[in-house]
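Trainee: Next comes the sequence, and after it the predicted model I'd like to discuss.
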Amino acid sequence: PRIGYVGRINRKVDFATIAAVARAKPDWHWVLVGPVQTTGMGAPDQDPQIAESYRASRQLSNVHFLGSKTHTDLPAYVGHMDVNTLCYRPDEGWWRFGSPLKLHEYLATGRPVVGTGLPDLMAFAGVIAVARSTEEWQRALEGALADRSPQAVDVRRDVASANSWDKRVDELEQHLRAMIAGDVDVREPATRSAASAN
């Protein structure tokens, strides 16, 4: 089985969980696609809290760092994973305030998704598995690998479709038209449903 992560690889990635699950499940292969940050505060080998687990991950035979890929190639990588992940550290940091758009790219494939309990991801807890500890990650990944329900695939794709760029532009255009017509109080922020939140 291929467990995928696509994105910039820096100190937000939970290398401790990746290494622990990779050791516990040597037949599972983590596939990390994206550039590794090598300089500055975001570089994983420069962060004392995660440097050891990052280096351990790099030494495991079932953890694969594939490097950067072109935007045109990324859908093929995401689509060929058995599970896609948003494997971010569960502790406090700037990543807690992220709103990863890649979630909708993952869901568009119909493949199962497991993510850390980031506040913005919790709105999608009905369609993704949320894990906070190593044990929860292992259980969530086991469940995701066993999930072959066609209905679940359809639900994931429906959520992705509801969050497409076309839908977002249409929603923004409707809001702007309502503002111009005076039907919306511009002093109040627009509210959005969980299905369209990001």
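Mentor: Sure, I can see it. Residues are numbered from 1 along each chain as shown.
Trainee: contacts, neighbours, all on C-alpha from now
Mentor: Fine.
Trainee: Would you indicate which residues of the longest helix along the chain are buried?
Mentor: Longest helix in the chain by number of residues (criterion: DSSP state H): helix 165-180. Neighbour counts using 16 or more other Cα atoms under 10 Å place His175 of helix 165-180 among the buried residues.
Trainee: same thing with stretch 56-69?
Mentor: Ala56, Ser57, Asn62, Val63, His64, Phe65, Ser68.
Trainee: pull the CA atoms of the longest helix of the chain into CSV?
Mentor: Listed next in CSV are the C-alpha coordinates belonging to helix 165-180 (Å, rounded to 0.1, in the frame of the first residue of the first chain):
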residue,chain,number,x,y,z
TRP,A,165,-12.4,26.9,-8.2
ASP,A,166,-15.4,27.4,-10.5
LYS,A,167,-17.8,27.1,-7.5
ARG,A,168,-15.7,29.4,-5.4
VAL,A,169,-15.6,32.1,-8.2
ASP,A,170,-19.4,31.7,-8.7
GLU,A,171,-19.9,32.1,-5.0
LEU,A,172,-17.7,35.2,-4.8
GLU,A,173,-19.4,36.7,-7.9
GLN,A,174,-22.8,36.2,-6.3
HIS,A,175,-21.7,37.9,-3.1
LEU,A,176,-20.2,40.8,-5.0
ARG,A,177,-23.4,41.2,-7.0
ALA,A,178,-25.4,41.2,-3.8
MET,A,179,-23.1,43.8,-2.3
ILE,A,180,-23.5,46.1,-5.4
